[in-house]
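Trainee: Give me a 3D structure for the following:
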Amino acid sequence: MLAARRLTWARVRSAAAVMRPRGHSLPQTPRYTRHLLNNAACALHTRNRTAWQKAETTDDFTVSQTKPGTIIAAVNLLHDQKMLQVHWEDGSVDSYPYIWLRDNCQCPNCYHPVSLARRVMLKDLDLSVACVDVKMSNGGEGIEMLWTDGHQGTYDAHWLHERAFRGPKPEPREREYRLKQQLWGRELQDKLPSVSFPEFLRDDHTLLTFLESLEVTGVVLVSDVPCEIDQIYTFAKRIGRLKPTHYGETFNVHSRVDPNNLAYTGDSLDMHTDLPCLAAKPDIQILHVIKQFTGEGGDTMISDGFTVASKLKKNNPEYFDTLANTLVEFVDVGIDDGVKFHVSWRAPIIDVKVDGSIRTVNWHQMSRNSRFQVSSSEAAAKWYAAGLAFRDLMYDTDNLVKLKLQSGDMIVFDNLRVMHGRQGYRAEEGERWLQGGYLEWDSVRSLRRVLRKEMAA
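Mentor: Next up is the predicted model:
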């Protein structure tokens with residue numbers, strides 16, 4: 001049995017009075033003079049937070065509605081460990097550090113309920129802070145804690161349960177943070193996620209379907225877009241703002257007399273991700289087909305870079321490690337619309353996160369420089385073997401989707417993940433005109449969370 005120190009609130013105040021610095025009266029303390037909470041404020045906070053509970057969001061500070069299994073059965077103070085132990089009604093037990101609880105108090109004086117921002121800064125915290133006493137409230141739907149600095153903190157049970165220090169994190173929270181990606185290959189050929197442009201503009205459910213499909217699959221086809229320039233602005237405005245690059249907010253892909261980019265020719269384009277020469281390459285690419293070449297050629301090819309990288313890791317882990325650990329230099333030098341540019345960045349072909357998952361694929365052979373970070377000529381030769389194996393998998397029919405977009409189509413894809421290319425065409429025999437631009441994942445995921453919350457409410 002774990003011993004729990006339980007005091008009446010009268011004794012609590014006496015104990016806190018003994019612990020407070022001389023010359024200060026409860027509940028004032030040197031560190032929290034502006035973060036005090038009297039009983040009236042506690043009651044007001046409890047009433048006001050009812051509206052937040054109905055939202056059922058899992059944002060860092062927003063209180064969530066208590067759900068079955070998240071009722072508190074008992075609480076213990078583990079003073080030696082400086083922990084609060086919570087026993088849940090389902091029999092599970094979680095522990096929370098005192099310092100974390102004090103840092104994340106949900107009362108209005110510690111957390112601003114309108115701006116959803118913390119008011120207590122790290123500089124305000126004291127590592128020696130301890131809980132004098134704790135009591136359950138609302139039938140186990142919350143707890144109230146009295147701290148040695150005189151502050152009375154309030155915590156919602158469901159809020160605590162979602163933030164328990166155990167792994168893996170609850171699935172709802174992971175879905176809120178980022179949707180789980182689905183890898184694909186040629187099976188997407190006839191199952192490409194798609195939405196209608198008019199519906200996308202007027203219906204929030206269609207918009208949400210688009211956002212979620214883009215995050216999960218990494219590519220969505222938008223049909224029935226007017227074949228007019230700058231429709232890309234109308235599209236982007238529905239989500240957020242276009243991300244400018246050294247090519248401007250938008251760019252036009254068609255053959256030019258003096259092209260400064262291979263995209264501005266009728267040549268075939270090796271599959272690639274755009275602009276790995278930038279320290280922060282664009283997250284999402286938009287390509288609107290204003291006019292498609294009517295003859296043979298001009299087809300679009302796409303491949304899931306995460307699928308390709310995963311297969312390479314399974315087939316040849318050594319090649320995977322080579323591409324993940326070798327920095328390659330990407331360079332783009334030229335002039336566009338009278339503006340000169342010289343951008344350069346070093347990144348591995350396969351960029352891996354700390355947890356081993358893939359962050360992004362950087363594949364752009366047209367801008368790959370002759371310089372890359374290897375320690376020997378043997379290592380350089382090994383990189384080429386790994387790179388060719390990666391490209392072979394990319395163009396394997398099991399991993400490739402090929403389609404000829406029609407005038408009025410718009411394809412939107414994850415530029416961190418999906419590689420795209422073009423079949424060559426005879427530019428002298430007809431026109432092919434696409435307008436492109438970029439978006440950021442932050443805007444897409446933000447809007448997805450907002451829409452999902454509104455529809456749930």
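Trainee: looking at this, residue 301 is in a helix?
Mentor: No: assigned with DSSP: H, G, I helix; E, B strand; the rest coil, residue 301 falls outside any helix and is strand.
Trainee: List the buried residues in stretch 212-228.
Mentor: 212, 213, 214, 215, 217, 218, 219, 220, 221, 222, 223, 225 (16 or more other CB atoms under 10 Å). For every residue, glycine as well, the C-beta is placed using N, CA and C.
Trainee: What strand or helix carries the third one?
Mentor: In this case it means residue 214. Per DSSP states H and E: residue 214 is located in helix 204-217.
Trainee: by contact count, what packs against that helix?
Mentor: strand 194-196, helix 197-202, strand 219-223, strand 410-414, helix 441-456 (3 or more CB pairs under 8 Å, 6 or more residues apart in numbering; DSSP states H and E).
Trainee: would a markdown table of these with mean pLDDT and distance to residue 176 be doable?
Mentor: Shown next, in a markdown table, are the helices and strands packed on helix 204-217 (pLDDT from 0 to 100; distance: least, CB to CB, whole Å):
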| stretch | mean pLDDT | distance to residue 176 |
| --- | --- | --- |
| strand 194-196 | 98 | 23 |
| helix 197-202 | 98 | 23 |
| strand 219-223 | 98 | 21 |
| strand 410-414 | 98 | 19 |
| helix 441-456 | 95 | 7 |
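Trainee: Tally up the residues packed near residue 241, please.
Mentor: Neighbours of residue 241 under the rule other CB atoms under 10 Å: 12.
Trainee: contacting residues for residue 181?
Mentor: Applying CB atoms under 8 Å, 6 or more residues apart in numbering to residue 181 gives the contacts 215, 216, 217, 218, 306, 417.
Trainee: Please name the nearest non-neighbouring residue to the residue positioned nearest the centre of the chain.
Mentor: Residue closest to the average C-alpha location in the chain (CA atoms, centre = their mean): residue 178, at 5.3 Å. Taking CB to CB, 6 or more residues apart in numbering as the measure, residue 178 lies nearest to residue 445, with 6.9 Å between them; neighbours along the chain are not counted.
Trainee: Which stretches in the stretch 151-300 of the chain count as helices?
Mentor: In the stretch 151-300 of the chain, the helices defined using DSSP state H, counting those that start in this stretch lie at 157-162, 171-177, 197-202, 204-217, 231-237.
Trainee: Out of those helices, which one sits most buried?
Mentor: helix 157-162 (a mean of 21; mean count of other CB atoms under 10 Å).
Trainee: Just the mean pLDDT for it, thanks.
Mentor: When pLDDT is averaged over helix 157-162, the result is 92.
Trainee: what about the chain, any weak spots by pLDDT?
Mentor: For the chain, residues meeting the criterion pLDDT under 70 lie at 1-69, 168-175, 256-263.
Trainee: First residue to last residue on stretch 313-332, what's the distance there?
Mentor: With CA to CA, to the nearest Å as the measure, stretch 313-332 spans 30 Å from end to end.
Trainee: Could I get the buried residue list for it?
Mentor: Buried positions in stretch 313-332, judged by neighbour count with 16+ other CB under 10 Å: 313, 316, 319, 320, 322, 323, 324, 326, 328, 329, 330, 332.
Trainee: count of neighbours near the residue nearest to residue 178?
Mentor: By other CB under 10 Å, the residues close to residue 445 number 16.
Trainee: Assess the claim that it and residue 215 are in contact.
Mentor: Yes: look at residue 445 against residue 215 with CB atoms under 8 Å: they come within range, at 7.0 Å.
Trainee: which residues are common contacts for the two?
Mentor: Shared contacts of residue 445 and residue 215, defined by CB under 8 Å, 6+ apart, are found at residue 178.
Trainee: ok, now how distant is the residue nearest to residue 247 when sequence neighbours are not counted from residue 167?
Mentor: Nearest residue to residue 247, sequence neighbours excluded (CB to CB, 6+ apart): residue 336, at 5.4 Å. Distance, residue 336 to residue 167, using CB to CB, to the nearest Å: 48 Å.
Trainee: now stretch 339-350, how far from the chain's geometric center?
Mentor: When distances are taken as CA atoms, centre = their mean, to the nearest Å, stretch 339-350 is centred 23 Å away from the chain's centroid.
Trainee: Correction: the previous question concerned stretch 351-364.
Mentor: 14 Å.
Trainee: now, which of the buried residues of stretch 313-332 lie within strands?
Mentor: Among the buried residues of stretch 313-332, DSSP state E puts 328, 329, 330, 332 in strands.
Trainee: Could you dump those into TSV with distance to residue 452 added?
Mentor: Formatted as TSV, these follow (distance: CB to CB, whole Å):
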residue	distance to residue 452
328	38
329	41
330	36
332	37
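Trainee: From the residues you listed, pick the one nearest residue 348.
Mentor: Ranked by distance to residue 348 (CB to CB), those are led by residue 328 at 6.7 Å.
Trainee: from memory the closest one sits against residue 344, does it?
Mentor: No: using CB under 8 Å, residue 328 makes no contact with residue 344, being 11.2 Å away.
Trainee: Now the common contact residues for the two.
Mentor: Counting by CB under 8 Å, 6+ apart, the contacts common to residue 328 and residue 344 are residue 369.
Trainee: now what about stretch 333-353, what contacts it?
Mentor: Residues outside stretch 333-353 that contact it (CB under 8 Å, 6+ apart): 246-248, 260-261, 275-279, 281, 309, 312, 320, 323-332, 358-363, 369, 372-373, 387, 390.
Trainee: Next, work out how far apart the nearest residue to residue 275 once chain neighbours are set aside and residue 272 are.
Mentor: Of all residues not flanking residue 275 in the chain, residue 281 sits nearest, at 4.8 Å (CB to CB, 6+ apart). Counting by CB to CB, the gap from residue 281 to residue 272 is 11 Å.
Trainee: and these two? which has more neighbours close in?
Mentor: More neighbours surround residue 272 than the other of residue 281 and residue 272, with 24 against 21 (other CB under 10 Å).
Trainee: Is it correct that the more buried one is in contact with residue 418?
Mentor: No: using CB under 8 Å as the test, residue 272 is too far from residue 418 to be in contact (10.4 Å).
Trainee: Pull the distance from the longest helix seen in the chain to the chain's centre.
Mentor: If you go by DSSP state H, the chain has its longest helix at helix 377-395. With CA atoms, centre = their mean as the basis, helix 377-395 stands 30 Å off its chain's centre.
Trainee: What residues sit buried inside it?
Mentor: 382, 383, 386, 387, 389, 390, 391, 393, 394.
Trainee: try stretch 272-287
Mentor: Buried residues in stretch 272-287, counting neighbours by 16+ other CB under 10 Å, are found at 272-278, 281-287.
Trainee: quick check: angle from the helix holding residue 214 to strand 219-223?
Mentor: Orientation of helix 204-217 against strand 219-223 (axes from the mean of the first three to the mean of the last three CA atoms, to 10 degrees) gives an angle of 140 degrees.
Trainee: Only alpha carbons, please: show the helix or strand hosting residue 340 as CSV.
Mentor: Element membership for residue 340, per DSSP H and E: strand 339-347. Extracted C-alpha coordinates of strand 339-347, given in CSV (Å, rounded to 0.1, in the frame of the first residue of the first chain):
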residue,chain,number,x,y,z
VAL,A,339,15.9,38.6,-60.8
LYS,A,340,19.2,36.7,-60.5
PHE,A,341,19.4,33.9,-58.0
HIS,A,342,22.0,31.4,-56.7
VAL,A,343,20.6,29.0,-54.2
SER,A,344,22.3,26.0,-52.7
TRP,A,345,21.6,23.5,-50.0
ARG,A,346,23.0,20.1,-48.8
ALA,A,347,20.7,17.3,-47.8
